[in-house]
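# Whatever this is, show me its structure:
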Amino acid sequence: MSWGSSAWAAELRWGFARSDGMPYVNEHEQQLHGGIIYELGQLVSRELGFEAKFVETPNKRIDESMQSGRIHVICNNNRQWMANPDLYQWSAPLYSEKDVLLVHQGHAPINSLLDLHGKTLGTQLGYVYSPELMDAFANKKIKRNNLRELNAGANLLGKKRLEAVIGMHRTLRHQKDMHPDIPLRINSWVIDEYDMHCTYSPKLPVSAELMDKTLQQLGEQGTIKRLLND
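Numbering: from 1, shown residues only. Coordinates of the predicted model:
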């Protein structure tokens, strides 16, 4: 299905959020070097005859970047996180994720939002969580401590300066594995579960239908499951 070598000069620009962390994003000095998003972007771009370019896109700049064409597509996304999701076309679900807590092994299990009342929770800057949790932040029942990167959250947990860090299960599992010297565990309570999609800019240089078809083929071939390493 590749368009051939004549189209290779054209770019397909993929947005990525540094805060997603590994295994999704392996970033250094604003350049993407690996991770699921990198591999997926390379595979899709190559199949469509484009050169993949990866552009760091903070959450608060996704709409602006999509509308301007600064980026053409961003994955690891969900409609509830976008202010105006109907402005865009969306892929079918690629995989599912869930928000869970990374906690210190010396802390008691957390089984509900009530267990977090009066506590400080490590969060990602600009990230939208479940409506119930967002209400608890707004009403100051739970204090939100925005972290620039999850690595800092793991270190704060090790010093017991945070009660928990919230994040995507695969990302927190990676953080736990990266800090074997810190007694951390994934809390069993699932705060929210959701599907992950790719979102297409109105300035996407190919049709949304062709992007959908390419992603669907990667799913049917088992490629996406292999990238996730589940």
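# how's this protein carved up into domains?
Domain assignment for the chain, taken from automatic domain parsing, gives 5-95+195-228, 97-192.
# Would you mind putting those domains into CSV with mean neighbour count and mean pLDDT alongside?
In short, each C-beta sits where N, CA and C put it, glycine included. Conversion of the domains of the chain to CSV gives the following (neighbours: other CB atoms under 10 Å; pLDDT from 0 to 100):
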stretch, mean neighbour count, mean pLDDT
domain 5-95+195-228, 17, 92
domain 97-192, 17, 93
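# Would you confirm that residue 98 contacts residue 190?
Yes - applying CB atoms under 8 Å, one finds residue 98 in contact with residue 190, separated by 5.0 Å.
# Can you give me the distance of residue 226 to residue 218?
10 Å (CB to CB, to the nearest Å).
# can you give me the helices in this protein?
Ranges of helices within the chain are 36-48, 62-68, 131-138, 150-158, 169-178, 208-220, 223-228, based on DSSP state H.
# so which of those gets nearest residue 75?
The closest of the helices of the chain to residue 75 is helix 36-48. By CB to CB, the value is 5.9 Å.
# ok, which stretches of this structure are strands?
Chain-ordered strands for the chain, with DSSP state E as the definition, fall at 11-16, 26-28, 31-34, 51-56, 73-77, 89-90, 95-104, 120-124, 143-147, 164-168, 184-186, 192-200.
# hang on, the earlier thing: now render the helices of the chain as a markdown table, adding distance to residue 184.
Below are the helices of the chain laid out as a markdown table (distance: least, CB to CB, whole Å):
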| stretch | distance to residue 184 |
| --- | --- |
| helix 36-48 | 22 |
| helix 62-68 | 30 |
| helix 131-138 | 21 |
| helix 150-158 | 6 |
| helix 169-178 | 5 |
| helix 208-220 | 32 |
| helix 223-228 | 22 |
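# Of those helices, give the one that comes closest to residue 15.
When these are compared for distance to residue 15 using CB to CB, the nearest one is helix 62-68, at 6.0 Å.
# so who does the closest residue to residue 164 other than its chain neighbours touch?
Nearest-residue entry for residue 164: residue 101, 4.2 Å, with adjacent residues in sequence omitted and distances by CB to CB, 6 or more residues apart in numbering. Under the criterion of CB atoms under 8 Å, 6 or more residues apart in numbering, the neighbours of residue 101 are 110, 164, 165, 166, 172, 186, 187, 189, 191.
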